[in-house]
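**Student:** Here is my input; please provide its structure:
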Amino acid sequence: MPAARVPLGLPRFDAAAMASIVARLTPRDYQVLEHLLHLRVLTTHQLQRLFFTKPQPTRRRLGILHKLHTITRYRPWTPYGGSAPCHWVLGRAGAELLALRSHTTVKELGYHPDLAMSISVSAKSGHQIGVNDFFVELRHLARHTPEARLRAWLSEKQCATIWGDLARPDAFGCWFENGRQIDFFLEHDTGSMTLAKVADKLAAYTDLADTTQIVTPVLFWLPSRARETNLRALIATTEIPIATAVQTDLDDGPAGPCWLPIPNRSSQGRMRLADLANAWPHLTLGRSPEQPTTTANDSYDDYLDGLFPEEDKSR
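**Tutor:** Predicted coordinates for the structure are as follows:
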C-alpha cells in the first residue's frame, strides 16, 4: 500500500500522514527540529553553519522540511530596503513528531500554532538571533577543529527550568578547547538597556552562586568598545568572575582572543574563551571533571555530553 500523500496546504496530521513524514526524515532533520524547539528561531545561515556545508543543499533541505510542515518561516521587515534572511521556526508537524518521540504532548512542549507569528512581531527576536549567533559560531568552529567542542548550549528557557528565578541568563554554555574547559553564563547586550540595569543583573548571579555553591563566570557580549569600557568602569569590583568582549566574528569569533576578565591584572591582555578557565586563579570555577560530583544531579555532565554527540569532523 503506497504511503499517504502529504498535502501542501494545512493538512490534518492523521497517522498515515505522520508516517509518511517520518519516512522522509533523517537524524539531522530531527536535530534541526530539536534546535528550533529550544532556540525558538534560527536563520538559514545559522542552520547551514550548524548542520550543513554549502548554501544550496541547506536551502533545498529546509525547503523540503517546510513542505512537510515540520518547520515554518518568515522574513523580518527591513526599513531601508534589501532582503532579510529567512528565519525558521518549528512547524506544526515538527512539534507533533517531537512530542511523539518524547512521549509527551504538543502543549507540554510549549508549542503553539501561532509561534511563528508571535516571534516575528516580538521586539526580542533580534536579541534571540544574536544569542544564537554566539553559539552557532562556537559550534561551527568545533565542527572543524579537532581539539574544540561545544559541550553545552542551553537556551534561556532551559536555564529557567534548571535554575528557576535565581538568575535569568540569556544562555548557558560549556566550551572545551585544547585541554581547557569553561562553563559560563552569557549576557548578550544589544545596547537597548541602561548600563545600570545591566550591572544590576550581577546580584542575581551572586545569589545563584551562593545557593548552588558553584562559581560560574558571566560573559558580557557587548555591541561596541565604548559600551564595554563604560560597563567595566561600572563593575570594577565584583564578587563573581566576569569577562567582557565586543561582538566580533574575526579571529575565531567568541572563541578567540577577545575576552578581558574582571578583575583584570594590569599586564593581562585579551584572552581566548577557553583560557578564561585560568583567568581567576583565586576561584574554583564550576566542577572539575577530575573531581566527583557533589550535587543531587550526578548525571548532569552526561546530559551535557549528550546535547552534542561527537560527529565526523571531516564532514
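**Student:** For the stretch 201-315 of the chain, which segments count as strands?
**Tutor:** Counting by DSSP state E, counting those that start in this stretch, one finds strands in the stretch 201-315 of the chain at the ranges 218-222, 242-246, 260-262.
**Student:** try the stretch 1-150 of the chain
**Tutor:** Assigned by DSSP E, counting those that start in this stretch, the strands in the stretch 1-150 of the chain fall at 42-43, 71-74, 87-90, 148-155.
**Student:** Comparing the strands of the stretch 201-315 of the chain, which stretch has the densest surroundings?
**Tutor:** strand 218-222 (a mean of 25; mean count of other CB atoms under 10 Å). For every residue, glycine as well, the C-beta is placed using N, CA and C.
**Student:** partners of that strand in the sheet?
**Tutor:** Paired with strand 218-222 in the same sheet, following DSSP bridges, are strand 180-188 (parallel), strand 242-246 (parallel).
**Student:** Name the residues that touch the longest one?
**Tutor:** Taking contacts as CB atoms under 8 Å, 6 or more residues apart in numbering, the residues outside strand 180-188 that touch it are 127, 130-131, 134, 151-152, 159, 167, 169-175, 198, 201, 205, 216-221, 273-278, 285-286, 289.
**Student:** Output it as CSV, restricted to C-alpha atoms.
**Tutor:** Taking C-alpha atoms only, strand 180-188 is exported to CSV below (Å, rounded to 0.1, in the frame of the first residue of the first chain):
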residue,chain,number,x,y,z
ARG,A,180,40.8,23.6,28.8
GLN,A,181,37.1,23.8,29.6
ILE,A,182,34.9,26.6,30.9
ASP,A,183,31.3,26.8,31.9
PHE,A,184,29.7,30.2,31.5
PHE,A,185,26.5,32.2,31.5
LEU,A,186,26.0,34.6,28.6
GLU,A,187,24.6,38.1,28.7
HIS,A,188,24.1,39.2,25.1
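**Student:** how about the helices in the stretch 1-150 of the chain?
**Tutor:** Assigned helices in the stretch 1-150 of the chain, in chain order: 15-24, 27-39, 44-51, 55-67, 92-101, 106-109, 115-120, 125-143 (criterion: DSSP state H, counting those that start in this stretch).
**Student:** so where's the stretch 201-315 of the chain uncertain?
**Tutor:** 266, 287-315 (pLDDT under 70).
**Student:** rerun at 50
**Tutor:** 288-315 (pLDDT under 50).
**Student:** Could you export the strands paired with strand 218-222 as JSON lines, including distance to residue 234?
**Tutor:** Listed next are those as JSON lines, based on distance: least, CB to CB, whole Å:
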{"stretch": "strand 180-188", "distance to residue 234": "14"}
{"stretch": "strand 242-246", "distance to residue 234": "11"}
